[in-house]
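Participant: sequence isn't available, so here's the structure alone:
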């Protein structure tokens, strides 16, 4: 029997209030309110913490479920004065404004520090220690950070994901006023980090290798950096990067690493050695230079550098000649496994018709290549049926989604 308005009025008790709702329902209410448009969720949770029925749920979500943009002192003071609240923190975002002020304290030895500067640096040193964040799992730093600070952050016991935008490799320069770092600050296999991402930082090879070796079982590693466009044509500056030490460090994780992204736009670099032994690797976004991809390479030598079970491949860098383009296609076509996503880089000077206008149609990609022996010279690509997506990059690509 369907309920009637009268039955609802009879069942409703005038003594029931919001305080009688279970915590599970209050939690759902808070989550739904966060989906409202033009809602400052962070500020909203602050307000809910002051409402008694919502306090336990809102407090847990404020510290444990939201990214905290640290731009001033309050959070650091909370960490030092309220250990129970600090234990709820799962994710922390250190903004550029916050880290820049810290770097000013380290860099400029002649600068007359104010009490605010000294207090900020002192708060950071006392607050950002592993003991204060027992459950912190994710740290995102969107501003400059020093290796000595990363050493402290990587000791967080529950940390699993570390993202850094612009890591400063200071300490190896004799004229630097910044406190240096040494490899013994990062013990091998001492952190539980499974995802390490570093972008836009002029980091040297030994620093990268040190960070990688500190991880016990790395599953995702990303590094991307690009030389400023105005500097690329400056012949007096040489941007080089040696892959040898980084590759040796990554080999420690060859059975666990499933995603690898590495590109150095505007740099010259020595290539990786073979990635075939990385048996767990399924997603690869890599600079063509890191695979020694040039016109002198044969299909077999290029293929021998790639992992066997790859399902997503993105090669960063522009194909300069038709030969390079066909060499890449031959290489990908020789994979025996299943390739779901394939992204090619093309030189902006080349029109799609240079290769084949119909190749844009990924739905007919396999059939077209199998039937184009005479017209396009792609007869060697005998089986492309395992491709489901083909994307053409006309701009220099960024990271894979």
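Facilitator: It's in. All values derive from a computational prediction rather than experimental measurement.

Participant: assign residue 140 to helix, strand or coil.
Facilitator: Under DSSP: H, G, I helix; E, B strand; the rest coil, residue 140 falls in the strand class.

Participant: could I get the contacting residues of it?
Facilitator: 67, 91, 92, 93, 94, 163 (Cβ atoms under 8 Å, 6 or more residues apart in numbering). C-beta: built from backbone N, CA, C; applies to glycine.

Participant: ok, and the most crowded of those residues?
Facilitator: Neighbour counts for the contacts of residue 140 peak at residue 94, which has 24 neighbours (criterion: other Cβ atoms under 10 Å).

Participant: in this structure that one contacts residue 146, no?
Facilitator: No - taking contacts as Cβ atoms under 8 Å, residue 94 lies outside contact range of residue 146: 12.0 Å.

Participant: rewinding a little: of all the contacts of residue 140, which comes closest to residue 156?
Facilitator: residue 92 (9.6 Å; Cβ to Cβ).

Participant: quick one: the closest one and residue 144, what's the gap?
Facilitator: Noted for residue 92: a distance of 16 Å to residue 144, by Cβ to Cβ, to the nearest Å.

Participant: and for residue 247?
Facilitator: Residue 247 sits 27 Å away from residue 144, going by Cβ to Cβ.

Participant: surely residue 76 meets residue 124?
Facilitator: Yes - with contact defined as Cβ under 8 Å, residue 76 counts as touching residue 124 (6.7 Å).

Participant: mutual contacts of these two, please.
Facilitator: Between them, residue 76 and residue 124 share no contacting residue, judged by Cβ under 8 Å, 6+ apart.

Participant: okay if I get the contacts of residue 140 as JSON lines plus pLDDT?
Facilitator: Below are the contacts of residue 140 laid out as JSON lines (pLDDT from 0 to 100):
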{"residue": "67", "pLDDT": "60"}
{"residue": "91", "pLDDT": "83"}
{"residue": "92", "pLDDT": "80"}
{"residue": "93", "pLDDT": "78"}
{"residue": "94", "pLDDT": "74"}
{"residue": "163", "pLDDT": "89"}
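
Participant: how about residue 200, nearest residue that isn't a chain neighbour?
Facilitator: residue 166 (4.7 Å; Cβ to Cβ, 6 or more residues apart in numbering).

Participant: I'd say the one you found and residue 143 touch.
Facilitator: Yes - judged on Cβ under 8 Å, residue 166 makes contact with residue 143 at a distance of 6.8 Å.

Participant: quick one: contacts for residue 164?
Facilitator: Counting by Cβ under 8 Å, 6+ apart, residue 164 touches 141, 145, 150, 197, 198, 199, 201.

Participant: and the third one, how many neighbours does it have?
Facilitator: For residue 150, the tally of surrounding residues (other Cβ under 10 Å) stands at 24.

Participant: for residue 276, what are phi and psi?
Facilitator: phi -60, psi -30 (degrees, to the nearest 10).
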